[in-house]
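In: Here is the input, now give the coordinates:
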Amino acid sequence: MSSLKIIAKTKDLRTNTNVLYAEILAKDYIDLVGKDFDKFEIQRKRVEPKKYSRLKSDFKNGALLPGITLAVEFTQVDKYLELIEKDEFDEITSMLNNKEEIYILDGLQRTYIINDINEEKEPINENQKLLLELWFEKEINHLIYRLIVLNSGQKPMSMRHQVELLFMTLKNSLTKDIDGLELYLEKDGQIRSKARKFAFDRIVNAYYSFLTKSPETDRDNLVVKKLNEDDILSSTETELNENYVSFKKYLIKYCELDTELFRVYGGINELSSYKNWLSEENTMKAFFAAVSKFKIDDKRESRMDNALDKLIKTFKDENTSRDIINFEQFNSIKSGIDSKKSNVGVALRKTIMDGFREFFMNEGDESFIECLKIAAQ
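Out: Predicted coordinates:
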């Protein structure tokens, strides 16, 4: 860590983001980001190492890699701001030793290469350096705007990747703001043992579905996908922030519903597997796409809120083990999807989404299964 040296500072004047430029000896870089530098890796799977063999060979021979972009976890930024203003760079470098506060925004594959060389115990040239760009952004609205809009125009990443980066930095904030929420990585092999526990990747997909108003995060129709994403990328910072606040509002309601559904169906032996229905990816994508498509004005949002509150209350008032959703009929609807005529997953997500929209329209006065039947027609 002693080789980390800040060499310049600047500000993004659009978002007022503090940015520091630094250099570090390559042999010390993994110590800076930590051995679990890919702890929030979702879709950014490691590229086949052979594709980077030339870059690895060049680096071992002393080539300077393109700069790597890092960010400090946004809830920790405040403690750096005064030091940045006063150019107290030595103090900043010592504080950056806390690896839990640093995220890789651009440079994951390059980091894998450096880590491979370390693990192969091949010596890295003592004088080999890396250039770093460090972001210090504490405002959620600026962070959302920067990661979803600004990055898409500056870096060759998909919007889906931008959403992943956003949630990497907001993960701790979400779990603090939503009581009992627990996010885990599917690659860790964890089992969902309680309500409000969701795979992190599925939360990311739910937000992407919320933004695009579609349960299909991997659309075959690339034209429609591009039009949906263009709408988002043309949004103002205020609009993007309002979307995030709205998503969090309905994630809170979703957690409330999940708590009650988990409790009720956990007590029905023959239907106990359905206690996890709200944690399934199809359900999460469909629900949040339905919410986003339905809430076009305050009146409709009020109807939706009433519908969800009624459903939550129905579960809360249930002291016996009654099949409130009626999963027997739900299974019948699923089995009725003709795989020869349509993609079963796509058709199921659309049916669940339309079922929730119908339920919202009826303000919860019609049972969810009846709304699902209408959607399946």
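In: low pLDDT regions in the chain?
Out: By pLDDT under 70, the weakly predicted segments of the chain are 1, 39-51, 98-100, 149-159, 187-189, 217-235.
In: tell me which residues in the helix or strand hosting residue 329 are buried?
Out: Of the helices and strands defined by DSSP states H and E, residue 329 is found in helix 327-335. Across helix 327-335, burial judged by 16 or more other CB atoms under 10 Å covers 327, 330, 333-334. All C-beta atoms are positioned from the backbone trio N, CA, C, and that covers glycine.
In: Looking at the residues you listed, which is nearest residue 59?
Out: Proximity to residue 59 was ranked across these by CB to CB; first place goes to residue 334, at 51.0 Å.
In: residues in contact with the closest one?
Out: Remark: with contacts taken as CB atoms under 8 Å, 6 or more residues apart in numbering, residue 334 is in contact with residue 348.
In: Next, work out how far apart it and residue 372 are.
Out: Per CB to CB, to the nearest Å, residue 334 is found 10 Å from residue 372.
In: ditto for residue 365
Out: Computed as CB to CB, the residue 365 to residue 372 distance reads 15 Å.
In: re the thing from before, CA atoms only for the helix holding residue 329, dumped as CSV, please.
Out: Listed next in CSV are the C-alpha coordinates belonging to helix 327-335 (Å, rounded to 0.1, in the frame of the first residue of the first chain):
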residue,chain,number,x,y,z
PHE,A,327,-51.0,-22.4,-6.6
GLU,A,328,-52.9,-25.5,-7.8
GLN,A,329,-54.6,-23.4,-10.4
PHE,A,330,-51.4,-21.5,-11.0
ASN,A,331,-49.7,-24.7,-11.9
SER,A,332,-52.6,-25.5,-14.3
ILE,A,333,-52.0,-22.1,-16.0
LYS,A,334,-48.3,-22.9,-16.3
SER,A,335,-48.9,-26.3,-17.7
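In: just checking, next helix/strand downstream of that helix?
Out: Of the helices and strands lying after helix 327-335 in sequence (DSSP H and E), the nearest is helix 344-361.
In: Could you give the number of residues near residue 57?
Out: By other CB atoms under 10 Å, 11 other residues sit near residue 57.
In: Assign a three-state SS to it, would you?
Out: With DSSP: H, G, I helix; E, B strand; the rest coil as the basis, the three-state label of residue 57 is helix.
In: any idea how far residue 120 is from it?
Out: Computed with CB to CB, the distance linking residue 57 and residue 120 is 13 Å.
In: what's the overlap in contacts for these two?
Out: Between them, residue 57 and residue 120 share no neighbouring residue, with contact defined by CB under 8 Å, 6+ apart.
In: coming back round to it: relative to the whole chain's centre, how far out is the helix holding residue 329?
Out: Using CA atoms, centre = their mean, to the nearest Å, the distance from the centre of helix 327-335 to the centre of the chain it belongs to is 30 Å.
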